[in-house]
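Participant: Structural data only, the sequence is not supplied:
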């Protein structure tokens with residue numbers, strides 16, 4: 001088993017079923033005073049990058065202060081509507097069971113996600129996944145622009161070499177960022193990208209889902 005398993009959140013461990021965009025729009029309007037007309041592409045991006053590009057679409061200035069205020073507002077929106085997230089969203093099949101299996105085997109686990117930390121904490125707690133994760137060793141939108149930066153931040157916090165870590169995600173950015181960071185990449189075709197596309201990008205293993213725990217454990221072991 002690897003020393004550290006790092007998880008993407010959205011469409012790898014769970015789905016918000018549309019609520020995520022509503023919360024994003026609420027936070028955007030709160031910090032800019034402008035209603036969200038159009039959101040920049042979100043698949044595989046970090047909230048920092050999405051906010052910067054969305055601000056451009058609305059001809060608004062972007063700087064670090066705007067992101068800091070947005071991160072607070074987005075986290076607060078998730079806290080306020082956590083009960084609704086529980087009703088509308090769901091953990092993906094097999095996710096909780098697989099995290100539990102790895103936890104029982106003594107494998108360290110955390111997250112590498114484009115979410116701001118406060119939102120990520122609400123998401124994993126809402127579906128009981130936080131029990132198995134050391135979120136202090138993870139990386140979030142506050143830590144960088146892309147998956148490579150986030151993975152490097154998480155590896156540094158966990159004091160783990162890339163060769164001793166595995167990253168599971170569902171997007172092309174997850175695969176390319178993981179390969180660039182030197183970690184083993186297990187791609188899961190539970191998002192918008194097909195298994196064939198994830199394989200073509202160079203993922204070490206591609207799974208259709210996490211539902212088959214034995215198959216997933218074999219992929220993680222390498």
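Facilitator: Received, thanks. Keep in mind it's a predicted model, so treat the numbers as computed, not measured.
Participant: in the strand or helix carrying residue 54, what's buried?
Facilitator: Assigned by DSSP states H and E, residue 54 belongs to helix 47-57. Under the neighbour-count criterion of 16 or more other CB atoms under 10 Å, helix 47-57 has 47, 48, 49, 50, 51, 52, 54, 55 buried. Heads up, the C-betas are built off the backbone N, CA and C, glycines and all.
Participant: Give me the nearest residue to the third one, chain neighbours excluded.
Facilitator: Spelled out, it's residue 49. In space, and not counting its chain neighbours, residue 49 is closest to residue 145: 5.4 Å by CB to CB, 6 or more residues apart in numbering.
Participant: Just the pLDDT for that neighbour.
Facilitator: Predicted confidence (pLDDT) for residue 145: 90.
Participant: For the spatially most central residue of the chain, which non-adjacent residue is spatially closest?
Facilitator: When CA atoms, centre = their mean is applied to the chain, the residue found nearest the centroid is residue 113 (2.9 Å). Excluding the flanking residues, the one nearest residue 113 by CB to CB, 6+ apart is residue 9, at 4.5 Å.
Participant: Pop the domain breakdown of this structure in here.
Facilitator: Domain assignment for the chain by automatic domain parsing gives 4-15+90-221, 19-85.
Participant: Could you identify which of these is most buried?
Facilitator: Most buried of the domains of the chain by mean neighbour count (mean count of other CB atoms under 10 Å) is domain 4-15+90-221; its value is a mean of 20.
Participant: gap between the two ends of that domain?
Facilitator: 11 Å (CA to CA, to the nearest Å).
Participant: Centre of the chain to that domain, how far?
Facilitator: Its chain's average C-alpha position is 7 Å from that of domain 4-15+90-221, according to CA atoms, centre = their mean, to the nearest Å.
Participant: Check which helices and strands the helix holding residue 54 sits against.
Facilitator: Applying 3 or more CB pairs under 8 Å, 6 or more residues apart in numbering; DSSP states H and E, one finds that helix 47-57 contacts helix 19-32, helix 64-80.
Participant: quick one: average pLDDT of it?
Facilitator: Here the average pLDDT along helix 47-57 is 96.
Participant: returning to that earlier point: could you list which residues are in contact with the residue nearest to residue 113?
Facilitator: Contact analysis of residue 9 by CB atoms under 8 Å, 6 or more residues apart in numbering lists 111, 113, 115, 120, 123, 124.
Participant: let's see it at 6 Å
Facilitator: By CB atoms under 6 Å, 6 or more residues apart in numbering, the contact set of residue 9 is 111, 113, 120, 123.
Participant: Same question for residue 37.
Facilitator: Contacts of residue 37 by CB under 6 Å, 6+ apart: none found.
Participant: ok, 10 Å please
Facilitator: Shown in contact with residue 37 (CB atoms under 10 Å, 6 or more residues apart in numbering): 25, 28, 54, 57, 58.
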